[in-house]
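Novice: Take this sequence and fold it.
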Amino acid sequence: MHIYLVGGAVRDQLLGREIKERDYVVVGATIAQMQQLGYTQVGKDFPVFLHPQSKDEHALARTERKQGQGYTGFICDFNPNITLEQDLERRDLTVNAIAQDEQGKLIDPFNGQTDLNNRILRHVSHAFSEDPLRVLRVARFRARYHELGFSIADETLALMKDIAHSGELEALTPERVWMEWHKALSDGHIDVFIDILAQCDALKVISHQLDAAWSNNKTTVSAQIAYARQHNGCEECQFAQVMQLLDEQARQEFYSHYRLPKTFSDLSEMLATHSNTLSAKTYTASQLAHMFNQLDIWRRPQRLHDLVSAYQCATQGQFKGEPVILKAAIAAQQVNAQTYIQQGVVGAKIKDALAQGRLDAIAHALSLS
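Specialist: This next block holds a predicted model:
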């Protein structure tokens, strides 16, 4: 039995980047042997085990044969006679098909180190085309390593386009597609990720309207995203800039189909709903009161700060109304219903008095600006 460090840990080690997790492949072992050694089996479709001390994942070496659609339509063989090279050959990119033995020696049958040095993302074999998820994964790797100057090999981009045209992308579950989007948001450049999907015709499968709008707007949106990444790093804020390319119906369809977390859809909708108010040269008390009520800043004050931050990114730091709006909000939030109750106001009139008090407070704050 031989154990090798594989995949992202080896790749990032060679790039001098932080290693976030370590995965291992085990050659020459059986399920029974792994269990006897104290490993805990966690994989259902193929044997994956957790090391008894480190809890790092260890998978038996395997080969795969395509049968059916999507990224789950594979039959796996993980008998102990499968070699390390056979296991590495099924991987997506040459830079992810490098292994390291327990003495630190690198095993690189597909010249992944050369591609790393040349900053090229290249598929290992034509088996690449059997897994549609790899279109999104390669786009994500290109986004993650954008600042290192990586590019995608022409022949790999051609295979990605073939997959997009094959109809296989439609077999991916919405949750799996969103997972790749979310990873691109969290550790890369989401605009690069989207642009690669557009180049290989995969974006039109994910969102036809976004694909139609992207080419004419990508320079502006990329600048907005760059501002967001530099100034607040907020994933939801970056995503909201992209969603402004879609009309309301297309946005709602995107949220619903890909089952987005509410934090992403909420900020995107707030930005779409209130951009016109924020862009005005001057504000009226009634305009701001209406926006504050819609945002429910009385119970959820953070929503206004998130909106203002997102709009600041949309204007690439040119929004000058932020101090005025935040001061007006603070003034309105200090108006308390208890004040009117103590004055003898009762019933439904309390709500009316509170609304008027907040309006007056906003008007006074605006008069001082």
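Novice: quick one: terminal-to-terminal distance for stretch 228-235?
Specialist: From its first residue to its last, stretch 228-235 covers 9 Å (CA to CA, to the nearest Å).
Novice: now that stretch, how far from the centre of its chain.
Specialist: In terms of CA atoms, centre = their mean, to the nearest Å, the centre of stretch 228-235 is set 13 Å apart from its chain centre.
Novice: buried stuff in that stretch?
Specialist: For stretch 228-235, the neighbour count (16 or more other CB atoms under 10 Å) marks 228-229, 232, 234-235 as buried. Using the backbone N, CA and C atoms, a C-beta is placed for each residue, glycine as well.
Novice: Okay, buried residues for the helix or strand that contains residue 225 please.
Specialist: According to DSSP states H and E, residue 225 maps onto helix 208-231. For helix 208-231, a neighbour-count test (16+ other CB under 10 Å) marks 209-211, 213-214, 218, 221-222, 224-229 as buried.
Novice: model confidence over stretch 85-101, on average?
Specialist: Averaged across stretch 85-101, pLDDT comes to 96.
Novice: same question, stretch 350-366
Specialist: On average, stretch 350-366 scores 95.
Novice: Pull the distance from stretch 293-309 to the chain's centre.
Specialist: How far stretch 293-309 lies from its chain's middle: 24 Å, per CA atoms, centre = their mean.
Novice: okay, it in PDB with CA atoms only?
Specialist: Taking Å, rounded to 0.1, in the frame of the first residue of the first chain, the C-alpha atoms of stretch 293-309 are listed here in PDB:
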ATOM      1  CA  ASN A 293     -39.200  52.000   5.400                       C
ATOM      2  CA  GLN A 294     -38.700  49.600   2.500                       C
ATOM      3  CA  LEU A 295     -35.300  48.600   3.900                       C
ATOM      4  CA  ASP A 296     -36.800  48.400   7.400                       C
ATOM      5  CA  ILE A 297     -33.800  50.100   8.900                       C
ATOM      6  CA  TRP A 298     -35.800  50.400  12.200                       C
ATOM      7  CA  ARG A 299     -35.200  46.700  12.800                       C
ATOM      8  CA  ARG A 300     -32.400  45.900  10.300                       C
ATOM      9  CA  PRO A 301     -30.100  49.000  10.200                       C
ATOM     10  CA  GLN A 302     -27.300  47.000   8.600                       C
ATOM     11  CA  ARG A 303     -29.300  46.800   5.300                       C
ATOM     12  CA  LEU A 304     -28.800  50.500   4.600                       C
ATOM     13  CA  HIS A 305     -25.100  50.300   5.200                       C
ATOM     14  CA  ASP A 306     -24.900  47.300   2.900                       C
ATOM     15  CA  LEU A 307     -26.900  49.100   0.200                       C
ATOM     16  CA  VAL A 308     -24.800  52.200   0.400                       C
ATOM     17  CA  SER A 309     -21.600  50.100   0.200                       C
END
